[in-house]
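Student: next comes the sequence, and after it the predicted model I'd like to discuss.
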Amino acid sequence: MAQTKAVIIPNGASRVLVCIDSITDEEPAGRWYNPFCSDPVEFESVLQLLCSMEDFYNEMSFPQCSVQRRSWNAVGRPPGRAKRKEVKRFMSDEVFTQNKGDRATFVVQVQFRQNATWQGTVTWAEKNEIQHFRSVLELIRLMDDSLREGEEKSKASGAAD
């Protein structure tokens, strides 16, 4: 009988540092970091950000997905339940303090992936404000509101000079 190796997912593995560097046509662009990714992941839109994070969580099988993707063709179909691979740390947790976005920085902690969406907390690093979200749409709205607030403050301080 072959023994299977237990994979233990470290606490905080689903925590991601999102650095927003620019906004073009209302779309944020930047990069995100996780200590269990070998390199920062760049994105040029909200959709790219969310899809790349979802792929990362699926690869780690954590937080566990509540629904399975389906496909019409056999090529793109995942074979049953994904097996967890060995988790390897590439960066220290200092990545969360050493990197900042040019426009804004957020720490997204996805705690659950239930009801076909995400639940967790988002911290706006510049103000150290923590908000809970119950869906990906709410997460997007919280980040967008923070970006707009930061933009209004920078316009107001520029007009005062």
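Tutor: Okay, I see it. Residues are numbered from 1 along each chain as shown.
Student: quick one: average pLDDT of the longest helix along the chain?
Tutor: Ordering each helix of the chain by length in residues (DSSP state H) puts helix 136-160 first. For helix 136-160, the mean pLDDT works out to 87.
Student: that one - contacts with which helices or strands?
Tutor: When contacts are defined as 3 or more C-beta pairs under 8 Å, 6 or more residues apart in numbering; DSSP states H and E, helix 136-160 packs onto strand 15-24, helix 46-60, strand 104-112, strand 119-124, strand 129-133. No exception for glycine: its C-beta is placed from N, CA and C like everyone else's.
Student: the same query, at a cut-off of 7 Å, please.
Tutor: strand 104-112, strand 119-124, strand 129-133 (3 or more C-beta pairs under 7 Å, 6 or more residues apart in numbering; DSSP states H and E).
Student: got the buried residues for the first one?
Tutor: By 16 or more other C-beta atoms under 10 Å, the buried positions in strand 104-112 come out as A104, T105, F106, V107, V108, Q109, V110.
Student: and the fifth one, bridged to which residues?
Tutor: With DSSP bridges applied, the residues forming beta bridges to V108 are V16, V122.
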